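K.L.:
any chance you could fold what I've pasted below:
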Amino acid sequence: MNWTEVFTSSDVTYQYNEDYDSVPTPCTKDGVKNFGNHFLPTLYLLVFVFGLVGNSLVVWVLVQSKGLKSMTDVYLLNLAVSDLIFVFSLPFWAYYAADQWVFGNGWCKIISGTYLVGFYSGIFFIMLMSIDRYLAIVHVIFAMKARTVTYGAITSTVVWALAILASIPELVFNELQADQNRTMCKPKYSEYSRIWKFIQGFQVSVLGLVIPLAVMIFSYSMIIRVLLKCKNEKKKKAVRLIFTVMVVFFVFWTPYNIVLFLQLLHELDVFHSCSISKDLDYSWQVTEAIAFIHCCLNPIIYVFLGEKFRRHLKVLLQKCGLFVFFCDHCGFLHKPGLDSISSSYSQSTGDHREMLDVL
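P.N.:
Sure thing, here's the model as predicted:
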């Protein structure tokens with residue numbers, strides 16, 4: 001779902017006059033278009049740059065230094081790859097927001113599908129990482145057998161398959177359309193396939209927010225119960241990080257899904273005021289742009305807060321001769337992280353060494 005789908009039929013909709021029910025009056029949305037033309041391209045490109053740099057660093061460190069030694073590493077790598085796939089589509093949407101679609105019908109389908117594959121896979125891997133943490137801390141004995149690279153690779157394959165499957169409708173229905181001398185890339189639903197439009201909207205809300213958020217709330221609430229019983233002076237840092245993960249996910253994705261739901265109600269004619277339609281279009285653009293920023297935060301939330309990862313990054317930068325140039329004064333490379341919490345916790349319990357490292 002990209003911002004252009006706000007204009008599902010035309011940039012001009014119609015509203016029936018209260019005094020002349022049979023005479024529709026135009027509800028023009030030139031202001032919405034102008035807002036998107038100026039606001040979205042810059043933001044899309046900024047998200048592209050920061051998302052590309054941050055997630056590329058994650059892939060580089062995991063492949064070159066750490067290696068895939070645990071289920072957590074597998075999920076981190078796949079999360080970074082999914083975010084890279086997601087941001088790959090943003091330059092196309094940036095140009096489209098500023099002008100029109102000039103990349104042809106094939107790329108219209110490919111980029112739309114790529115966008116959704118990155119969207120769904122990223123959300124799914126965040127959910128899997130929550131389950132991974134839950135198993136590692138709440139079910140330690142079982143986790144020793146289940147949290148392997150092999151099982152991580154299998155579940156990752158399933159996630160990619162589900163993400164691709166969920167994106168198929170976008171590949172099928174998206175195509176070039178001419179609208180007021182402007183070439184657009186958006187879904188085209190026939191009278192018989194219009195139901196897919198509403199299925200797609202509910203699918204994004206259910207798969208993109210409701211299920212992942214429910215899994216995260218359950219997993220992290222169980223983790224907090226265990227941590228609060230742990231006699232560790234640094235457990236507050238781990239609890240704080242857990243709340244950060246949940247709050248950031250909720251704040252960045254919930255507004256977008258609420259607006260999406262309201263858009264569906266509007267399409268069902270639950271309300272059809274012109275002013276409400278415009279407000280929803282503005283809200284759609286803003287909340288979707290906010291949700292996009294989340295892919296830039298994933299490397300910070302899930303990786304850079306770990307001391308072990310920062311240590312590997314520092315070593316790689318030193319090997320490349322870039323540490324002094326870029327990060328000699330970067331505080332985040334020198335701060336103690338969750339790895340120290342992990343060591344302390346494992347010493348007090350005698351169990352899984354990476355108990356809190358997965359946080």
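K.L.:
using CSV, list the CA coordinates for stretch 215-223.
P.N.:
This file holds the C-alpha atoms of stretch 215-223, laid out as CSV (Å, rounded to 0.1, in the frame of the first residue of the first chain):
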residue,chain,number,x,y,z
VAL,A,215,2.6,-11.7,19.9
MET,A,216,5.0,-8.9,21.2
ILE,A,217,2.8,-8.0,24.1
PHE,A,218,2.5,-11.6,25.2
SER,A,219,6.2,-12.4,24.7
TYR,A,220,7.6,-9.4,26.4
SER,A,221,5.2,-9.5,29.3
MET,A,222,6.4,-13.0,30.0
ILE,A,223,10.0,-11.9,29.6
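K.L.:
and residue 160, what is it in contact with?
P.N.:
Contacts of residue 160 were listed using Cβ atoms under 8 Å, 6 or more residues apart in numbering, and they are 78, 117, 121. From N, CA and C alone the C-beta is placed, and that goes for glycine too.
K.L.:
and of those residues, the nearest to residue 268?
P.N.:
For residue 268, the closest of the contacts of residue 160 turns out to be residue 117, at 27.9 Å, with distances computed as Cβ to Cβ.
K.L.:
residues near that closest one, how many?
P.N.:
23 (other Cβ atoms under 10 Å).
K.L.:
what sits against it?
P.N.:
With contact set as Cβ under 8 Å, 6+ apart, residue 117 has these partners: 82, 85, 160, 163, 164, 167.
K.L.:
report the buried members of those residues.
P.N.:
The neighbour-count test (16 or more other Cβ atoms under 10 Å) marks 82, 85, 160, 163, 167 as buried among those.
K.L.:
can the residues you listed go into JSON lines with extra columns for pLDDT, distance to residue 240 and secondary structure?
P.N.:
Converted to JSON lines, the buried ones among the contacts of residue 117 look like this (pLDDT from 0 to 100; distance: Cβ to Cβ, whole Å; DSSP: H, G, I helix; E, B strand; the rest coil):
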{"residue": "82", "pLDDT": "94", "distance to residue 240": "26", "secondary structure": "helix"}
{"residue": "85", "pLDDT": "94", "distance to residue 240": "31", "secondary structure": "helix"}
{"residue": "160", "pLDDT": "96", "distance to residue 240": "32", "secondary structure": "helix"}
{"residue": "163", "pLDDT": "94", "distance to residue 240": "31", "secondary structure": "helix"}
{"residue": "167", "pLDDT": "90", "distance to residue 240": "35", "secondary structure": "helix"}
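K.L.:
rounded mean pLDDT for stretch 93-101, please.
P.N.:
Mean per-residue pLDDT for stretch 93-101: 90.
K.L.:
which residues touch that stretch?
P.N.:
Identification of contacts with stretch 93-101 by Cβ under 8 Å, 6+ apart yields 2-4, 36-37, 40-42, 44-45, 48, 102, 108, 111, 115, 176, 182-185.
K.L.:
now do 10 Å
P.N.:
Outside of stretch 93-101, the residues that reach it under the criterion Cβ atoms under 10 Å, 6 or more residues apart in numbering are 2-4, 33, 36-48, 90, 92, 102-103, 107-108, 111-112, 115, 176-179, 181-186, 285, 292.
K.L.:
of those residues, just the buried ones, PyMOL syntax please.
P.N.:
Restricted to the buried members of the contacts of stretch 93-101, where burial is judged by 16+ other Cβ under 10 Å, the PyMOL selection command reads as follows:
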select buried, resi 2+3+4+33+36+39+40+41+43+44+46+47+48+90+92+108+111+112+115+176+183+184+185+186+285+292
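K.L.:
surely residue 172 meets residue 187?
P.N.:
Yes: using Cβ atoms under 10 Å as the test, residue 172 is close enough to residue 187 to be in contact (8.8 Å).
K.L.:
who's more crowded, the two?
P.N.:
Between residue 172 and residue 187, counted using other Cβ under 10 Å, the more crowded position is residue 187 (21 against 14).
K.L.:
and the nearest residue to the more buried one once chain neighbours are set aside, what does it touch?
P.N.:
Nearest residue to residue 187, sequence neighbours excluded (Cβ to Cβ, 6 or more residues apart in numbering): residue 173, at 4.1 Å. Neighbouring residues of residue 173 by Cβ under 10 Å, 6+ apart: 109, 112, 186, 187, 188, 189, 190, 193, 196, 197, 200.
K.L.:
many thanks, I have nothing further to ask.
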